[in-house]
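[1] kindly return the folded structure for what I paste below:
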Amino acid sequence: MSVSSLKNRPNELESDPLYQQRVDLAAAFRWTARLGMHESVANHFSLAVSDDGTTFLVNPSGRHFSRIRASELLLLDANDDTTMDQPNAPDRTAWAIHGAMHRKLPQARCLLHVHPKYVTALAGLKDSSMPPIDQNTARFYGRVAIDDGYGGMGLGQEAERLTSTLGNKSILLMGNHGVMVTANSVAQAFDELYYYERACETLITALSSGRELRIMSPEIASLTAQQWIDYPKGAEPHFDAIKEILDAEEPEYRT
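    Have a look, this model is predicted:
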(Lines give C-alpha, C1' and ligand atoms only; values in the text may rest on other atoms or scores of the structure.)
Protein backbone atom coordinates (compact mmCIF):
# COMPACT_ATOMS: atom_id res chain seq x y z
CA MET A 1 0.00 0.00 0.00
CA SER A 2 1.39 3.40 -0.98
CA VAL A 3 0.71 6.82 0.51
CA SER A 4 -1.26 7.75 -2.60
CA SER A 5 -3.57 4.79 -2.04
CA LEU A 6 -4.45 6.20 1.38
CA LYS A 7 -6.70 8.68 -0.37
CA ASN A 8 -9.29 5.94 -0.01
CA ARG A 9 -9.03 5.94 3.77
CA PRO A 10 -12.32 6.29 5.72
CA ASN A 11 -13.99 9.67 5.34
CA GLU A 12 -14.29 10.13 9.09
CA LEU A 13 -10.52 9.94 9.45
CA GLU A 14 -9.80 12.20 6.51
CA SER A 15 -12.15 14.84 7.86
CA ASP A 16 -10.86 14.59 11.43
CA PRO A 17 -9.43 18.03 12.37
CA LEU A 18 -6.87 16.17 14.48
CA TYR A 19 -5.70 13.99 11.60
CA GLN A 20 -2.20 15.46 11.29
CA GLN A 21 -1.63 15.29 15.04
CA ARG A 22 -2.71 11.65 14.95
CA VAL A 23 -0.32 10.91 12.10
CA ASP A 24 2.61 12.56 13.85
CA LEU A 25 2.01 10.71 17.11
CA ALA A 26 1.56 7.38 15.30
CA ALA A 27 4.86 7.97 13.49
CA ALA A 28 6.61 8.58 16.82
CA PHE A 29 5.31 5.26 18.16
CA ARG A 30 6.43 3.36 15.07
CA TRP A 31 9.94 4.83 15.00
CA THR A 32 10.44 4.38 18.74
CA ALA A 33 9.74 0.67 18.23
CA ARG A 34 12.25 0.53 15.37
CA LEU A 35 14.89 1.99 17.68
CA GLY A 36 14.06 -0.53 20.41
CA MET A 37 13.19 2.17 22.92
CA HIS A 38 9.75 0.70 23.71
CA GLU A 39 9.05 -1.91 26.37
CA SER A 40 6.59 -4.72 25.62
CA VAL A 41 3.15 -3.06 25.23
CA ALA A 42 3.87 -0.65 28.08
CA ASN A 43 4.97 3.00 27.96
CA HIS A 44 2.90 5.87 26.66
CA PHE A 45 2.96 8.91 24.39
CA SER A 46 0.37 11.67 24.50
CA LEU A 47 -0.34 14.94 22.71
CA ALA A 48 -2.52 17.81 23.94
CA VAL A 49 -4.97 19.01 21.30
CA SER A 50 -6.95 21.65 23.20
CA ASP A 51 -5.77 25.14 24.11
CA ASP A 52 -5.72 24.38 27.83
CA GLY A 53 -3.94 21.06 27.25
CA THR A 54 -6.53 18.92 29.03
CA THR A 55 -7.86 17.15 25.93
CA PHE A 56 -5.21 14.80 24.61
CA LEU A 57 -4.44 11.85 22.37
CA VAL A 58 -2.79 8.75 23.88
CA ASN A 59 -2.08 5.17 22.82
CA PRO A 60 -4.71 2.49 23.51
CA SER A 61 -4.01 -0.11 26.19
CA GLY A 62 -2.14 -3.21 25.08
CA ARG A 63 -1.29 -2.03 21.56
CA HIS A 64 2.33 -2.58 20.46
CA PHE A 65 4.15 0.59 19.40
CA SER A 66 5.09 -0.99 16.07
CA ARG A 67 1.44 -1.49 15.10
CA ILE A 68 -0.20 1.73 16.24
CA ARG A 69 -2.27 3.56 13.62
CA ALA A 70 -3.46 7.16 13.63
CA SER A 71 -7.12 6.17 13.97
CA GLU A 72 -6.48 4.02 17.06
CA LEU A 73 -5.26 6.82 19.29
CA LEU A 74 -7.66 7.58 22.13
CA LEU A 75 -8.99 11.10 22.63
CA LEU A 76 -9.32 11.75 26.36
CA ASP A 77 -10.36 14.54 28.69
CA ALA A 78 -7.97 14.87 31.64
CA ASN A 79 -10.85 16.19 33.77
CA ASP A 80 -13.21 13.27 33.06
CA ASP A 81 -13.34 11.13 36.20
CA THR A 82 -15.25 8.37 34.34
CA THR A 83 -12.44 7.66 31.86
CA MET A 84 -11.27 4.42 33.48
CA ASP A 85 -14.85 3.10 33.62
CA GLN A 86 -15.28 3.28 29.84
CA PRO A 87 -14.91 0.26 27.50
CA ASN A 88 -11.87 1.72 25.72
CA ALA A 89 -10.13 2.87 28.90
CA PRO A 90 -6.39 3.54 28.55
CA ASP A 91 -3.70 1.86 30.62
CA ARG A 92 -4.05 2.89 34.28
CA THR A 93 -0.57 4.38 34.56
CA ALA A 94 -1.01 6.26 31.26
CA TRP A 95 -4.18 7.85 32.57
CA ALA A 96 -2.65 8.68 35.94
CA ILE A 97 0.64 10.18 34.76
CA HIS A 98 -0.37 11.78 31.47
CA GLY A 99 -3.72 12.93 32.80
CA ALA A 100 -2.05 14.68 35.74
CA MET A 101 0.59 16.33 33.57
CA HIS A 102 -1.87 17.54 30.94
CA ARG A 103 -4.07 19.00 33.69
CA LYS A 104 -1.27 20.86 35.42
CA LEU A 105 1.30 21.61 32.71
CA PRO A 106 -0.50 23.13 29.70
CA GLN A 107 2.87 24.17 28.22
CA ALA A 108 3.88 20.51 27.95
CA ARG A 109 1.95 19.70 24.79
CA CYS A 110 3.59 16.40 23.90
CA LEU A 111 4.64 13.87 26.54
CA LEU A 112 6.82 10.87 25.66
CA HIS A 113 7.36 8.32 28.43
CA VAL A 114 9.58 5.27 27.86
CA HIS A 115 12.12 3.03 29.61
CA PRO A 116 14.92 2.82 27.01
CA LYS A 117 18.07 0.87 27.81
CA TYR A 118 20.61 3.59 28.52
CA VAL A 119 18.21 6.10 30.08
CA THR A 120 17.02 3.42 32.48
CA ALA A 121 20.61 2.48 33.31
CA LEU A 122 21.30 6.10 34.24
CA ALA A 123 18.04 6.18 36.23
CA GLY A 124 19.36 3.25 38.26
CA LEU A 125 22.51 5.04 39.39
CA LYS A 126 22.66 6.84 42.74
CA ASP A 127 23.92 9.90 40.85
CA SER A 128 21.69 10.21 37.78
CA SER A 129 23.13 13.51 36.63
CA MET A 130 24.61 13.85 33.15
CA PRO A 131 28.04 15.49 33.04
CA PRO A 132 28.68 17.26 29.71
CA ILE A 133 31.30 15.08 28.00
CA ASP A 134 30.25 15.57 24.36
CA GLN A 135 27.84 17.64 22.27
CA ASN A 136 24.88 15.38 22.97
CA THR A 137 25.31 15.27 26.74
CA ALA A 138 25.90 19.04 26.75
CA ARG A 139 22.58 19.53 24.95
CA PHE A 140 20.81 18.68 28.21
CA TYR A 141 23.02 20.68 30.56
CA GLY A 142 20.79 22.34 33.17
CA ARG A 143 17.61 21.18 31.44
CA VAL A 144 16.77 17.92 33.22
CA ALA A 145 14.82 17.48 36.45
CA ILE A 146 15.85 14.37 38.38
CA ASP A 147 13.30 12.50 40.44
CA ASP A 148 14.86 10.53 43.30
CA GLY A 149 11.66 9.72 45.16
CA TYR A 150 10.37 6.67 43.30
CA GLY A 151 7.29 5.38 45.08
CA GLY A 152 6.11 2.51 42.91
CA MET A 153 4.04 2.37 39.72
CA GLY A 154 2.85 5.75 38.44
CA LEU A 155 -0.57 5.82 40.07
CA GLY A 156 -2.39 8.29 42.33
CA GLN A 157 -0.06 10.44 44.39
CA GLU A 158 2.97 9.15 42.49
CA ALA A 159 1.61 10.71 39.28
CA GLU A 160 0.93 14.02 41.00
CA ARG A 161 4.40 14.01 42.55
CA LEU A 162 6.08 13.41 39.19
CA THR A 163 4.24 16.40 37.73
CA SER A 164 5.46 18.66 40.53
CA THR A 165 9.01 17.36 40.20
CA LEU A 166 9.17 18.18 36.49
CA GLY A 167 8.28 21.80 37.25
CA ASN A 168 9.51 24.16 34.53
CA LYS A 169 12.02 21.69 33.07
CA SER A 170 11.32 19.89 29.81
CA ILE A 171 12.79 16.48 30.69
CA LEU A 172 12.21 14.38 33.80
CA LEU A 173 14.75 11.64 34.52
CA MET A 174 12.62 9.31 36.64
CA GLY A 175 14.92 7.59 39.12
CA ASN A 176 14.49 3.78 39.22
CA HIS A 177 12.02 4.14 36.36
CA GLY A 178 12.72 5.83 32.99
CA VAL A 179 12.19 9.22 31.37
CA MET A 180 9.44 11.69 30.52
CA VAL A 181 10.24 14.09 27.68
CA THR A 182 7.99 17.09 27.09
CA ALA A 183 7.88 19.61 24.26
CA ASN A 184 5.57 21.82 22.20
CA SER A 185 5.26 19.34 19.32
CA VAL A 186 5.70 15.67 18.53
CA ALA A 187 8.70 16.45 16.32
CA GLN A 188 10.48 18.40 19.05
CA ALA A 189 9.68 15.86 21.76
CA PHE A 190 10.86 12.94 19.64
CA ASP A 191 14.09 14.72 18.71
CA GLU A 192 14.76 15.35 22.39
CA LEU A 193 14.03 11.73 23.29
CA TYR A 194 16.30 10.44 20.53
CA TYR A 195 19.23 12.61 21.57
CA TYR A 196 18.72 12.01 25.29
CA GLU A 197 18.96 8.25 24.83
CA ARG A 198 22.03 8.74 22.63
CA ALA A 199 23.57 10.98 25.31
CA CYS A 200 22.88 8.36 27.98
CA GLU A 201 24.47 5.70 25.79
CA THR A 202 27.62 7.80 25.43
CA LEU A 203 27.77 8.47 29.17
CA ILE A 204 27.19 4.86 30.24
CA THR A 205 29.76 3.65 27.70
CA ALA A 206 32.32 6.17 28.92
CA LEU A 207 31.66 5.26 32.56
CA SER A 208 32.13 1.58 31.75
CA SER A 209 35.73 2.27 30.72
CA GLY A 210 36.61 3.11 34.31
CA ARG A 211 38.69 6.04 33.10
CA GLU A 212 38.31 9.67 34.18
CA LEU A 213 35.72 11.65 32.22
CA ARG A 214 36.71 14.73 30.22
CA ILE A 215 34.02 17.11 31.48
CA MET A 216 33.38 20.47 29.83
CA SER A 217 33.51 23.65 31.86
CA PRO A 218 30.13 25.05 32.94
CA GLU A 219 30.64 27.96 30.52
CA ILE A 220 31.21 25.72 27.49
CA ALA A 221 28.44 23.34 28.51
CA SER A 222 25.96 26.22 28.85
CA LEU A 223 27.06 27.65 25.50
CA THR A 224 26.61 24.29 23.79
CA ALA A 225 23.18 23.74 25.34
CA GLN A 226 22.05 27.15 24.11
CA GLN A 227 23.44 26.48 20.65
CA TRP A 228 21.30 23.36 20.47
CA ILE A 229 18.24 25.41 21.43
CA ASP A 230 19.05 28.09 18.87
CA TYR A 231 19.89 25.67 16.06
CA PRO A 232 17.35 26.42 13.27
CA LYS A 233 14.69 23.81 12.58
CA GLY A 234 16.66 20.93 14.01
CA ALA A 235 13.76 18.67 14.98
CA GLU A 236 11.48 19.11 11.99
CA PRO A 237 13.83 17.74 9.28
CA HIS A 238 14.63 14.79 11.53
CA PHE A 239 10.97 13.93 12.02
CA ASP A 240 10.06 14.62 8.37
CA ALA A 241 12.75 12.13 7.32
CA ILE A 242 11.28 9.55 9.69
CA LYS A 243 7.81 9.98 8.21
CA GLU A 244 9.23 9.77 4.69
CA ILE A 245 10.71 6.36 5.48
CA LEU A 246 7.49 5.20 7.15
CA ASP A 247 5.47 6.44 4.17
CA ALA A 248 7.56 4.21 1.91
CA GLU A 249 7.76 1.15 4.15
CA GLU A 250 4.65 1.05 6.38
CA PRO A 251 2.24 3.80 5.30
CA GLU A 252 -0.66 2.15 7.13
CA TYR A 253 0.47 4.07 10.22
CA ARG A 254 -1.46 6.98 8.72
CA THR A 255 -4.78 5.11 8.68
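
[2] starting at the chain centroid, how far to stretch 117-130?
    17 Å (CA atoms, centre = their mean, to the nearest Å).

[3] got the buried residues for it?
    Residues of stretch 117-130 classed as buried: 118-123, 128, 130 (neighbour count, 16 or more other CB atoms under 10 Å). All C-beta spots, glycine's among them, are computed from the backbone N, C-alpha and C.

[4] can you check stretch 57-67 too?
    For stretch 57-67, burial by neighbour count (16+ other CB under 10 Å) applies to 57-59, 61, 63, 65.

[5] tell me the mean pLDDT over that stretch?
    Average pLDDT, stretch 57-67: 97.

[6] start to end distance for that stretch?
    Criterion CA to CA, to the nearest Å; first-to-last residue distance in stretch 57-67 is 16 Å.

[7] my guess is residue 201 contacts residue 118. True?
    Yes: Residue 201 is within contact range of residue 118, at 4.2 Å (criterion: CB atoms under 8 Å).

[8] can you pull the contacts of residue 113?
    Contacts for residue 113 were tallied using CB atoms under 8 Å, 6 or more residues apart in numbering; they are 43-45, 97-98, 178-181.

[9] now, the most widely separated pair of the buried residues of stretch 117-130?
    Farthest apart among the buried residues of stretch 117-130 by CB to CB are 120 and 130. That separation is 13.9 Å.

[10] what do those two both touch?
    What both residue 120 and residue 130 touch, as defined by CB under 8 Å, 6+ apart, is an empty set.

[11] show me where pLDDT drops low in the protein?
    1-12, 154-156 (pLDDT under 70).

[12] and what about the most centrally placed residue in it, helix, strand or coil?
    When CA atoms, centre = their mean is applied to the chain, the residue found nearest the centroid is residue 112 (1.7 Å). Under DSSP: H, G, I helix; E, B strand; the rest coil, the three-state class of residue 112 is strand.

[13] so who does it touch?
    28, 32, 45, 180-182, 189-190, 193.

[14] what's opposite it in the beta bridge?
    residue 45, residue 181 (DSSP bridges).

[15] ok, it to residue 103 distance?
    Going from residue 112 to residue 103 by CB to CB, to the nearest Å gives 18 Å.

[16] for residue 153, give its distance to residue 191.
    Distance of residue 153 to residue 191, given as CB to CB: 28 Å.

[17] swap that for residue 205, please
    Note on residue 205: its distance to residue 191, by CB to CB, is 21 Å.

[18] again, but for residue 173
    Distance, residue 173 to residue 191, using CB to CB: 17 Å.

[19] more neighbours: which of the two?
    Using other CB atoms under 10 Å, the more surrounded residue of residue 173 and residue 191 is residue 173, with 26 against 21.

[20] ok, and the closest non-adjacent residue to the more buried one?
    Sequence neighbours aside, residue 146 is the residue nearest to residue 173 in space, at 4.8 Å (criterion: CB to CB, 6 or more residues apart in numbering).

[21] who's in contact with the one you found?
    Contacts of residue 146 by CB under 8 Å, 6+ apart are 128-129, 172-173, 175.

[22] for the residues you listed, which two are the farthest from each other?
    129 and 172, at 13.5 Å, using CB to CB across the contacts of residue 146.

[23] my guess is residue 38 contacts residue 65. True?
    Yes: the pair residue 38 / residue 65 is scored as a contact, 4.2 Å apart, by CB under 8 Å.

[24] what's the overlap in contacts for those two?
    With CB under 8 Å, 6+ apart, residue 38 and residue 65 have common neighbours 29, 32.
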